[in-house]
Each structure stands twice: as C-alpha cells, then as structure tokens.
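Colleague: Pasted the sequence and its predicted model underneath.
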Amino acid sequence: MKLVLIFGPQAVGKMTVGQELAKMTELKLFHNHMTIDLVSHFFNYSTPEGKRLVNQFRQEIFEEVSKSNLYGLIFTFVWMFDLQSDWDYVNKLSHLFESRGGTVYLVELEAEYEERLERNKTSNRLEHKPSKRDLAWSENDLINTLKKHRLNSFDGEINKDNYLKINNTRLSAAETAQLIKKKFQL
C-alpha cells in the first residue's frame, strides 16, 4: 500500500497533478475537496460541524484504504507549516499507513503567486471544486491564507527519505506527475 501526500498552497496544482499521477499509475486520487464539497451541502467547512464531518469521512476512507489490497492512494491538502496541528495530522496519517505496512511519499508543490492566481480560475479546478466557483471569495481566501500561514516548508525542514519538493510554476501537471512517478518508482 502506498500513500502519496501531495501538499502545497491553494491553486498550486495538487489535484491536477494528482489526476495525472492517477492516470500514470494504479493509485486512486482522493483530493481534499471531495469531502469538503460533499459536506458543504449541509455545513460550511469553517464550522465545527463541517470540520468534524470532513475529518470523519476522510478518516473512514483512510482506515479502509490502508487495510485494503489497493495499490495506493493520492491525497491532496494544504499543509500550514506554522500550525502544530497540521504536523500532527501528517504524522498521524503517515503512522496509520506505515503501521499497516504501507509506504508514505511526501510531495510538496510550490509555484509563484501570480501563477497560482491564474490557476485558481482554471476550468478543471472549477469543475471539480464547486466551492471555488465563487472566484472573488476563492481568490480572497487564497490571498488571506497566504498572509496568515506559511504554506511551503523551509529548506531542510522535512527530513524524510520519501520526500520531494517541486517548483511546478513552469511545469505541466503531466510533467510534474512524471517526476513524482520516476522519483518514487510508482
């Protein structure tokens, strides 16, 4: 069992890279908005109820996948490096898969701010993430999150064997996915 965690700031291309990686491998894509947008029909993700439900759905999926015979899973999310709770979440998720014999691969994406603003409006993003269709809100959220949190790691901060950091500003999603596939022999 393989778990590929693709993380980085909003609109860096996590889901799109994950889509391409899923096409090239037997990995299944589970992007973070699959649960956020499901729950948003009932509760906003910013509410305690919304967060609890999103986390419960994700945890149940992780539990079942980690015990399954699937080749592996790609999960995408925004890691806020200034929040200990996000470090704890990554450690807990990694431990779940590793404790069942799985291997965890950490893939960090970074891209220039202007490129992310453009990617925030792409048709693929808007098709698969209904909550991002309010472009004014989505852009404002991207800007404010960047002001409040550190969304990429410092050099040397992540000290894991199965870690790859890619600046994908000028790379296509397929090129980025190919780098991941090659590096980890997926």
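Modeller: Thanks, I have it.
Colleague: C-alpha from now on. contacts and neighbour counts both.
Modeller: OK.
Colleague: Output the strand ranked longest in the chain as PDB, nothing but the C-alphas.
Modeller: Longest strand of the chain, by residue count under DSSP state E: strand 103-110. Taking C-alpha atoms only, strand 103-110 is exported to PDB below (Å, rounded to 0.1, in the frame of the first residue of the first chain):
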ATOM      1  CA  THR A 103       4.900   3.400   2.400                       C
ATOM      2  CA  VAL A 104       4.200   7.200   2.600                       C
ATOM      3  CA  TYR A 105       5.600   9.600   0.000                       C
ATOM      4  CA  LEU A 106       5.500  13.300   0.700                       C
ATOM      5  CA  VAL A 107       5.300  15.600  -2.400                       C
ATOM      6  CA  GLU A 108       5.400  19.300  -1.800                       C
ATOM      7  CA  LEU A 109       4.400  21.600  -4.700                       C
ATOM      8  CA  GLU A 110       5.300  25.300  -4.800                       C
END
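Colleague: list the helices and strands that strand packs on?
Modeller: In terms of contacts (3 or more CA pairs under 8 Å, 6 or more residues apart in numbering; DSSP states H and E), strand 103-110 is packed against strand 2-7, helix 84-98, strand 163-167.
Colleague: Contacts only, for V39.
Modeller: The contact partners of V39, by CA atoms under 8 Å, 6 or more residues apart in numbering, come to Y45, G50, L53, V54.
Colleague: Of all pairs in the residues you listed, which one is the farthest apart?
Modeller: Y45 and L53 (8.8 Å; CA to CA).
Colleague: on that earlier part again, quick one: contacts of the longest strand of the chain?
Modeller: Strand 103-110 is touched from outside by 1-9, 12-14, 94, 97-98, 152, 162-169, 180, 184, with contacts defined as CA under 8 Å, 6+ apart.
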